[in-house]
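S.K.: Please work out how this folds:
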Amino acid sequence: MATVPKEDIPSNLVPASDLPDFSRPSGQRDLASQIPGQEARFAVPPIPKEEMAGEPKYLERAAMYLGGIPITAGLARGAQLASVGTKYAPYVERFAEAVIPKTGKELAKMSGLAAATSVPAEKARSLAAESGAGAGGQALAELTGGLAGGLGTAGVGSVISKTARKTGELVGRYGVGSTQPQISDIARRWESRGYILEPSQLQKDRPLASPGFMEKAKNINEDLATKEVSAKTGVETSNITPSFIKGRLDDLGKDYNKIFNRNITIDTKLVNDLKTIADIERSVSPVGSGKVYGASMNIVNRWIDEVTKQQLQKIQRQVPKTTPVGPSGKPVSLIRSQKEFPNLRTAGDQNLPDWYTSTKNTIDDLSSKLGIAEPPQLYVATPRRGLYGAAHPDGWIVISDKLDSPGAIATALHEFGHQAEFKMFWQADDKVKKEIVRAFETQNKNLPLQKLSVEQYRPITAAKYDPTTRGAIPDLQFEKNYLRNFNEWFAEQTSRWITTTKQPTSSVEKFFAKIADTWKAIYQRVVGYVPMVQEVDNFFRSNWKGDLISDALTQSGVLKSESGFPVIPSRDIEAKIPGLELQRLRSAIQTLARESSDGKVRNVAGEYVSKIDDAIGRFDPSLLEQLKETNRRYAATATLADGVSRGFVTQGKVSLKDLGEYLAGKLQGTGYGAGTSTHPLYELGYEGQQLNLVSRAVGESFPKYDATAALLGRGKRALSSIVGGRTQFARDLQRYASEQEAKKAEKK
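M.R.: Residues are numbered from 1 along each chain as shown. Reported below is the predicted structural model:
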């Protein structure tokens, strides 16, 4: 049994011999029934006035009202004895142990001691009244001998005893329930914003949901909650109705249209992301509507089309410009080439190689069959440095006279490929040009860097090199800037077509006996050479005037992956696309993020909405900020729309506790885009849930108790009613008790 510290026991206590006998010999009545005037049903008769200290009539009356409740009757009797003061104070502790539940023992003991000390009861009551306490709070002040002063109320006296302070803490803790440190912190912030909270919704043990106490508090809490939540939509209101939500959604839709109604730059990174989310959708619903897949393909095709236009412009800038004819009748470009090829000769000149005529006839025949009206003029020369040939849009080809017949025809076909680019490719339909450029990008993406040898890039034209040069891996910059340059790629593709396709090969063989056998041997020897793409084959077939297929395919497998999705270039390429297309795609992904039955898919889809927004921000940070703010407002509005249908927005007001529970069950920021990784209403919902703050329409809710807990809970509520448990004074007690607990915890 706990003992009272000697230094806390007043000196004016009545001797024990003058007090009733509270002992309980074996077989006699229980201790409670031995208390003078206490019947078996715990009826509470009036205590003689001469035994009262300060005549606390309100407390006496309150105790009598509680007397009919079994457990609270004992508590009430304890309050009576405490109010007696000097006569029964030393024995309150024993009474508490016998009659009052654990939560009331220390309170009764300390109340009795406090009543026996220092501050006059009448003074304590009047001070409590001045501080705004209700009748119950005034009674408590009188009961504890100056508790209001112990909590800091002015005018009580110069010294507040340790016992009175302890009593304040205990009454707060056991009478109204102290709060957990986290709840104390949240409550402090909310009360500073004007909310009026009651102790029962903040206590540690079985806190109760509440809209607040008394009409004023309920109105204030509901109004503040509704305004703070609605402000997150961009417009503050005290009445969240369906028409308000519709108006906000309409306005936000217009805001989104303003953001996306422009050409928006996207890059390769985003395009790869779009392919990923499209593939995810197809994996989840292969026979579904495919909105994300279709919208993604549309965006990517638009982007690739724009990129291809840029690539074509870039390629064309690399083509040598045509030049006028000089005084000698030769193009200026050819005259300039004499710096590298000083002794140019052509048909009719002296000292031509023995292969010259056959090579010229081959080029003329190929030009005729492919529809080149003016075949390129063939020249030979002795180059100053290690050059093998050259070509120019002005319509000429130069070949080194140091080459043998196989080397000369191989070089001539490569240079003829440049002429085919100048005279055929650039005059082709835009659709055809784009297909070939896309095939070029696709093939380069699939070819590893620093893995292919020179002859794998150029199997026929490299046959004239020495074995070491042919088998060498080219320098990285040479590989990227020359061998993978479109002009060189197209020339080699032309050479590949001529040397592998039956009809052009036969045309060459008219002038070079068994040359096809030589090429076949080269292709057999060079394993892993760069193949001809279908688009180039289609291009030349459609232009060949012989018996080749003229209606060549316009779409081939090279341009698409196995899923049918466009192949994306490996280079970092930027291009502008219509923003409204991106908005439609974004909306399709949002639908996937919210409606998919697979939680992982919802998660990934939500991330990809943000990836779209972040991609926009890479090129326009100010636009991203507009988008983030609109996203946050939309997320708040959409959640309130859910609240109307789910019941946490009722009668135009929001129940913060139910909002918090709703958001706790959802992935934060799902599908709303950049700036909403944390839902804009999450903090209000979470903290409102922690504070058990509901709307008036939801109202108070009491947790389910088992029989024992219910009995104890009623006793606790009874004590709270003595204190004035639904008053600001009681909330002050609770705050005080919680602060004292926190201080003790810090010392440990």
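
S.K.: Check which element follows the strand or helix carrying residue 592 along the chain.
M.R.: In this structure, residue 592 sits in helix 579-595 according to DSSP states H and E. If you walk from helix 579-595 toward the C-terminus, the next helix or strand you reach (DSSP H and E) is helix 599-619.

S.K.: mind listing what's buried in the helix holding residue 592?
M.R.: Along helix 579-595, these residues count as buried under the neighbour rule (16 or more other Cβ atoms under 10 Å): 579, 581-586, 588-590, 592-594. Using the backbone N, CA and C atoms, a C-beta is placed for each residue, glycine as well.

S.K.: contact partners of it?
M.R.: Residues from elsewhere that reach helix 579-595, judged by Cβ atoms under 8 Å, 6 or more residues apart in numbering: 256-257, 259-264, 266, 274, 277, 281, 291-292, 295-296, 298-299, 302, 601-602, 605-606, 608-609, 612, 616, 670-673.

S.K.: same question, stretch 504-518
M.R.: So stretch 504-518 is contacted by 358-359, 361-362, 365-366, 369, 405-406, 409, 413, 497-499, 519, 540, 544 (Cβ under 8 Å, 6+ apart).

S.K.: Repeat the analysis, applying 7 Å as the threshold.
M.R.: Residues outside stretch 504-518 that contact it (Cβ atoms under 7 Å, 6 or more residues apart in numbering): 358, 361-362, 365-366, 369, 405-406, 409, 497-499.

S.K.: same check, this time on stretch 279-288
M.R.: Under the criterion Cβ under 7 Å, 6+ apart, residues 290, 292-293, 563, 592, 596, 598, 601, 604 lie in contact with stretch 279-288.

S.K.: Can you tell me which of those are buried?
M.R.: In terms of neighbour count (16+ other Cβ under 10 Å), the buried residues within those are 290, 292-293, 592, 596, 601, 604.

S.K.: who touches the closest residue to residue 331 other than its chain neighbours in this structure?
M.R.: Closest residue in space to residue 331, ignoring its immediate chain neighbours: residue 394 at 4.0 Å, by Cβ to Cβ, 6 or more residues apart in numbering. Residues touching residue 394, when contacts are defined by Cβ under 7 Å, 6+ apart, comprise 322-323, 331, 333-334.

S.K.: I'd like those residues laid out as a markdown table, including pLDDT, distance to residue 426 and secondary structure.
M.R.: Formatted as a markdown table, the entries for the contacts of residue 394 read as follows, by pLDDT from 0 to 100; distance: Cβ to Cβ, whole Å; DSSP: H, G, I helix; E, B strand; the rest coil:
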| residue | pLDDT | distance to residue 426 | secondary structure |
| --- | --- | --- | --- |
| 322 | 88 | 11 | coil |
| 323 | 90 | 17 | coil |
| 331 | 90 | 18 | strand |
| 333 | 91 | 17 | helix |
| 334 | 92 | 20 | helix |
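
S.K.: Of the residues you listed, which pair is most distant in space?
M.R.: When those are compared pair by pair using Cβ to Cβ, the farthest-apart members prove to be 322 and 334, with a separation of 11.4 Å.

S.K.: Please name every helix or strand in contact with the lengthiest helix in the chain.
M.R.: Across the chain, the helix with the greatest residue count (assigned by DSSP state H) is helix 291-318. Packed against helix 291-318 by the contact rule (3 or more Cβ pairs under 7 Å, 6 or more residues apart in numbering; DSSP states H and E) you find helix 268-284, helix 430-446, strand 574-578, helix 579-595.

S.K.: With respect to residue 232, which of these lies nearest?
M.R.: Going by Cβ to Cβ, the one of the helices and strands packed on helix 291-318 nearest residue 232 is helix 579-595, 18.8 Å.

S.K.: And residue 421, how far from residue 408?
M.R.: Taking Cβ to Cβ, to the nearest Å as the criterion, residue 421 is separated from residue 408 by 21 Å.

S.K.: average model confidence for stretch 352-362?
M.R.: Here the mean pLDDT over stretch 352-362 is 96, rounded to a whole number.

S.K.: Would you map the strands across the protein?
M.R.: Listed in chain order, the strands of the chain (DSSP state E) span residues 263-267, 345-346, 377-381, 389-392, 396-400, 574-578, 649-650, 653-654.

S.K.: Tell me the strands beside the third one, with direction?
M.R.: Strands that pair with strand 377-381, judged by DSSP bridges, come out as strand 345-346 (antiparallel), strand 396-400 (parallel).

S.K.: and what of the fourth one?
M.R.: Under the criterion DSSP bridges, strand 389-392 sits next to strand 396-400 (antiparallel) in its sheet.

S.K.: buried set for stretch 516-536?
M.R.: By neighbour count on 16+ other Cβ under 10 Å, the buried set for stretch 516-536 is 516, 518-519, 522-523, 526, 529-530, 532-536.

S.K.: Now do that stretch: distance from first to last residue.
M.R.: According to Cα to Cα, to the nearest Å, stretch 516-536 extends 20 Å from its N-terminal end residue to its C-terminal end residue.

S.K.: quick one: contacts for residue 617?
M.R.: Taking Cβ under 7 Å, 6+ apart, we find residue 617 in contact with 624, 674.

S.K.: Before we move on, what's the pLDDT of it?
M.R.: If you check residue 617, the pLDDT there is 94.

S.K.: just residue 60 next, same as before
M.R.: Looking at residue 60, the pLDDT reads 43.

S.K.: so residue 218 touches residue 211, yeah?
M.R.: Yes. Proximity of residue 218 to residue 211 meets the contact threshold set by Cβ atoms under 7 Å, at 4.8 Å.

S.K.: between those two, who's got more neighbours?
M.R.: More crowded of residue 218 and residue 211, by other Cβ atoms under 10 Å: residue 211, with 25 against 17.

S.K.: Distance-wise, check that one relative to residue 654.
M.R.: In this structure, residue 211 lies at 11 Å from residue 654, with Cβ to Cβ as the measure.

S.K.: what touches both of the two?
M.R.: Any residue near both residue 211 and residue 654 by Cβ under 7 Å, 6+ apart counts here, and that gives residue 695.

S.K.: Model confidence for residue 437, exactly?
M.R.: The predicted structure scores residue 437 at 91 on the pLDDT scale.

S.K.: Confirm for me that it is in contact with residue 314.
M.R.: No. Counting by Cβ under 7 Å, residue 437 sits too far from residue 314 to count as a contact (9.8 Å).

S.K.: Comparing the two, which shows the higher neighbour count?
M.R.: A direct count of neighbours by other Cβ under 10 Å for residue 437 and residue 314 places residue 437 higher, at 24 against 11.

S.K.: shared neighbours of residue 218 and residue 211, which are they?
M.R.: When contacts are counted by Cβ under 7 Å, 6+ apart, the set common to residue 218 and residue 211 consists of residue 696.

S.K.: ok, residue 743 to residue 614 distance?
M.R.: Using Cβ to Cβ, one gets 47 Å for the distance from residue 743 to residue 614.

S.K.: in the stretch 451-600 of the chain, which ranges drop under the pLDDT threshold?
M.R.: Counting by pLDDT under 70, the stretch 451-600 of the chain contains low-confidence ranges at 546-565.

S.K.: Mind doing that once more with 50?
M.R.: Along the stretch 451-600 of the chain, segments meeting pLDDT under 50 span 547-562.

S.K.: all helices of it, in order?
M.R.: Per DSSP state H, counting those that start in this stretch, the stretch 451-600 of the chain has helices spanning 454-457, 467-471, 476-478, 486-500, 502-509, 515-525, 534-543, 579-595, 599-619. These are given in chain order.

S.K.: Serialize these to CSV and add fields for distance to residue 237.
M.R.: Listed next are those as CSV, based on distance: least, Cβ to Cβ, whole Å:
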stretch, distance to residue 237
helix 454-457, 69
helix 467-471, 78
helix 476-478, 63
helix 486-500, 60
helix 502-509, 77
helix 515-525, 77
helix 534-543, 60
helix 579-595, 25
helix 599-619, 28
